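Asker: Give me coordinates for this.
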Amino acid sequence: MSVARNIFLGREPTRGWGPLRVLDRERMSLEAGRLLSDLRLHISSVDQEARFCSGGEMQGVAIARAMYFKASLVILDEPTTALAITGVRTVLSFIRRLKEDRIACLFVTHNLHDVYEVADRFLLVKRGIVAANLPRDQVTVEDLVELQVAGAAS
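Answerer: From the prediction side, this is the model:
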């Protein structure tokens with residue numbers, strides 16, 4: 001499917017009359033283009049197949065969907081895994097944009113260096129039990145790594 005279709009997946013706008021409705025592809029393309037431009041996401045065309053997007057671009061498409069439909073919470077599970085440095089930077093900039101738009105983001109990761117840049121609070125879970133719940137201003141990334149490693153050894 002195209003990038004535009006991925007953004008509207010399950011909520012595609014339609015046009016027509018009564019039960020005779022068809023997908024409004026023009027509106028999807030225009031809205032998707034506007035969203036991607038707002039996010040400063042440079043995908044060559046909203047009509048290109050999403051499978052040809054990089055990992056960072058795909059995360060951007062998912063975040064564009066959340067922003068368009070005014071999600072109150074976005075859950076990202078290991079969004080920076082297997083991304084190059086530029087992809088990681090792109091995803092972190094998207095998360096900052098979510099924060100600017102006051103959209104809560106739950107960032108699940110093992111890479112504390114990535115999440116430390118954008119997080120307000122850290123919840124460390126060991127074997128399904130909350131081991132630490134710390135605001136960013138009370139902990140350093142080194143403290144978090146130490147807590148994480150201590151959890152792996154216990």
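Asker: and the biggest helix by length in the chain, which residues are buried?
Answerer: Taking DSSP state H as the criterion, the chain has its longest helix at helix 85-100. For helix 85-100, the buried set under the neighbour-count rule, 16 or more other CB atoms under 10 Å, comprises 87-88, 90-95, 97-98. Glycine gets a C-beta too; all of them are placed from N, C-alpha and C.
Asker: So which of the residues you listed is the closest to residue 4?
Answerer: Using CB to CB, residue 94 is the member of those that sits closest to residue 4, with 17.9 Å.
Asker: Now that closest one. Nearest residue, chain neighbours left out?
Answerer: Among residues not flanking residue 94 along the chain, residue 63 sits closest, at 4.5 Å (CB to CB, 6 or more residues apart in numbering).
Asker: Give the other helices and strands that the helix or strand the one you found falls within contacts.
Answerer: Residue 63 is part of helix 55-68, with elements assigned from DSSP states H and E. Packed against helix 55-68, as judged by 3 or more CB pairs under 8 Å, 6 or more residues apart in numbering; DSSP states H and E, are the following elements: helix 3-8, helix 25-38, strand 73-77, helix 85-100.
Asker: So for residue 134, which of these sits nearest?
Answerer: The closest of the helices and strands packed on helix 55-68 to residue 134 is helix 85-100. By CB to CB, the value is 18.1 Å.
Asker: Please spell out which residues along the next helix or strand after that closest one are buried.
Answerer: Sequence order places strand 104-108 as the next helix or strand after helix 85-100, per DSSP H and E. Buried residues in strand 104-108, defined by neighbour count with 16+ other CB under 10 Å: 105, 107.
Asker: now what about whichever helix or strand comes after strand 104-108, what contacts it?
Answerer: Following strand 104-108 in sequence order, the next helix or strand is helix 112-116 (DSSP H and E). For helix 112-116, the surrounding residues in contact (CB atoms under 8 Å, 6 or more residues apart in numbering) are 80, 88, 92, 107, 109, 122, 136, 141, 144-145, 148.
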